[in-house]
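Trainee: Structural data only, the sequence is not supplied:
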């Protein structure tokens, strides 16, 4: 007991944050039962839109069954992610308060709480990524077995979310930057890559045997992003592709609408008899990429910095007619740039005071029975069924607790964008010593910088790649477990490097000084280091010749 109290006192800030995170998750469990269901949940519960996403998460649902228990486990995973981040940062030499601050982003962010309460694979994917990074960073020198274990964990994450298939890149970059000789570094990278490929190959083999497709999932489409970025007035297109180019009013609906809505010209525009719509869309995409790459890059860049906004309430929502782009009355000439394309509604990831529905996919019928509409193919007919009672029963909402969670979230209960920007800059600056040829700053600085490099490159991977397709606040949640640790490690690396330079400067001053001898403590009436029979030093400290 005294040992436990001493441990809590030593890590008091992390203990407070962990306790607060536990209370918030308990409130989420009480507020919404059995759990929150989103449109994409139906892919895992009822096999909607087969091939759209990997189905590793479905194994979790089948093994557990009750959605309330699944949500509980997801909340425990969220707490575990925060604890692991804290432990890894401490092992790398980050101060306790800075490590706790980095872990607090996951523990207290309301958007993280909401996705943990939702039956979606995101928290399982995030936990696997953190676990893989922790294995790589737990010891200063990565052994081949540890590299293989990390690769196996990161590869398994790809069976939960398709984004995981590129996580091998930051891991290999880290192993090669860690050095230790090119042969050992290459051996570790090969071991990690082979282990990374193993679960992916196993999944694809099973997929081939059951569906005939050797894949994790279908290739994600960029058509919505490209259509939203295109300038149709200057884009050179053949006559059969021209109807696919959206009007300014349609572009204002954003990439998600253009990609998935039945009213989008990509899916609704007339095409020549006998032509393949998929072939025409592919040709349209190629034309936009080839003729207007700068517009596409600017569109992606504009969305990638939304994460760092001061608030999350003023996001432009676009409008439903081309008249918006002429600007409001009395302000002609603002043009299209003043009204950026619409993004996926942030309300999907916010707590509500009633059970959230997404007609026609998720509805609440009589007696609060959850009714879902399942589509086997995009734009196909809906099959409406009541949610299996074994999944947890009817929809129940504790309104006071839900209102409290909503007030917390909308009142600032999330990681501020400027703070994430500061963590990003610190992570970039702290990664520099890991890539420098000259090993300046000492071993401690290098270990901090290497860990910073791994988290920073992982953050760039998991945040920028989804932005290439479309922006969604859901896809920004990995920032919580990558950018704060990267920033904390970066700050630690910069402080360590500064301290090492100061120490080195002091040592150089002493080495270059003209002091030949400094008297030490006397021992039995003699100066330290003077033996019997040795001549005594003179008054000026010199010894007789």
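Mentor: Received it, and whenever you're ready, just let me know what you need. Just so it is clear, the model here is predicted, and its values are computed rather than measured.

Trainee: Let me know how buried residue 158 is, in neighbour terms.
Mentor: Close neighbours of residue 158, defined as other Cβ atoms under 10 Å, add up to 25. C-beta: built from backbone N, CA, C; applies to glycine.

Trainee: Quick check: it touching residue 199?
Mentor: Yes: the criterion here is Cβ atoms under 8 Å, and residue 158 meets it with residue 199 at 7.3 Å.

Trainee: and residue 27, what is it in contact with?
Mentor: The neighbours of residue 27, taking Cβ atoms under 8 Å, 6 or more residues apart in numbering as the test, are 401, 404-405.

Trainee: Show the model's pLDDT score for the closest residue to residue 344 other than its chain neighbours.
Mentor: Nearest non-adjacent residue to residue 344, counting by Cβ to Cβ, 6 or more residues apart in numbering: residue 472, 4.4 Å away. pLDDT, residue 472: 91.

Trainee: Run a quick neighbour tally on the closest residue to residue 253 other than its chain neighbours.
Mentor: Leaving aside its sequence neighbours, residue 253 sits nearest to residue 342 (Cβ to Cβ, 6+ apart; 5.3 Å). Using other Cβ under 10 Å, residue 342 has 22 neighbouring residues.

Trainee: repeat for residue 375
Mentor: Neighbours of residue 375 (other Cβ under 10 Å): 17.

Trainee: what does the one 3 residues further on give?
Mentor: Neighbour count for residue 378, taken as other Cβ under 10 Å: 11.

Trainee: Now it: closest residue in space, sequence neighbours ignored.
Mentor: Residue 378 sits nearest to residue 49 (Cβ to Cβ, 6+ apart), 6.6 Å away.

Trainee: Which helix or strand contains that neighbour?
Mentor: Using DSSP states H and E, residue 49 sits in no helix or strand.

Trainee: okay, it: pLDDT?
Mentor: Reading off the model, residue 49 has pLDDT 86.

Trainee: Can you give me the neighbour number for it?
Mentor: Residue 49: 19 neighbours (other Cβ under 10 Å).

Trainee: Is residue 21 in contact with residue 80, as I believe?
Mentor: No: Residue 21 is beyond contact range of residue 80, at 10.7 Å (criterion: Cβ under 8 Å).

Trainee: More neighbours: the two, which one.
Mentor: Neighbour comparison, residue 21 and residue 80: the larger count goes to residue 21, with 23 against 15 (by other Cβ under 10 Å).

Trainee: Next SSE downstream of the strand or helix carrying that one?
Mentor: Here residue 21 sits within helix 12-31, counting by DSSP H and E. Proceeding N to C from helix 12-31, the next assigned helix or strand is strand 32-33, under DSSP H and E.

Trainee: who does that following strand touch, helix- and strand-wise?
Mentor: strand 396-397 (3 or more Cβ pairs under 8 Å, 6 or more residues apart in numbering; DSSP states H and E).

Trainee: Tabulate the contacts of residue 27 (TSV), appending neighbour count, pLDDT and secondary structure.
Mentor: Shown next, in TSV, are the contacts of residue 27 (neighbours: other Cβ atoms under 10 Å; pLDDT from 0 to 100; DSSP: H, G, I helix; E, B strand; the rest coil):
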residue	neighbour count	pLDDT	secondary structure
401	18	97	helix
404	16	97	helix
405	26	98	helix
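
Trainee: Between the residues you listed, which sits nearest residue 97?
Mentor: Distances from residue 97 to the contacts of residue 27, taken as Cβ to Cβ, are shortest for residue 405 (27.3 Å).

Trainee: What distance do you get for the residue nearest to the closest one when sequence neighbours are not counted to residue 415?
Mentor: Nearest non-adjacent residue to residue 405, counting by Cβ to Cβ, 6+ apart: residue 351, 4.3 Å away. Distance of residue 351 to residue 415, given as Cβ to Cβ, to the nearest Å: 16 Å.

Trainee: the more surrounded of the two?
Mentor: residue 351 (27 against 22).

Trainee: wait, what's in contact with residue 51?
Mentor: Here residue 51 is in contact with 211, 213, 215, 217-218 (Cβ under 8 Å, 6+ apart).

Trainee: Export those residues as TSV, with columns for secondary structure, pLDDT and distance to residue 186.
Mentor: Compiled in TSV, those are given as follows (DSSP: H, G, I helix; E, B strand; the rest coil; pLDDT from 0 to 100; distance: Cβ to Cβ, whole Å):
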residue	secondary structure	pLDDT	distance to residue 186
211	helix	89	36
213	coil	91	34
215	coil	92	29
217	coil	91	31
218	coil	87	34
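
Trainee: Let me have those residues in JSON lines, adding distance to residue 447 as columns.
Mentor: JSON lines is the format used below for the contacts of residue 51 (distance: Cβ to Cβ, whole Å):
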{"residue": "211", "distance to residue 447": "45"}
{"residue": "213", "distance to residue 447": "44"}
{"residue": "215", "distance to residue 447": "39"}
{"residue": "217", "distance to residue 447": "37"}
{"residue": "218", "distance to residue 447": "41"}
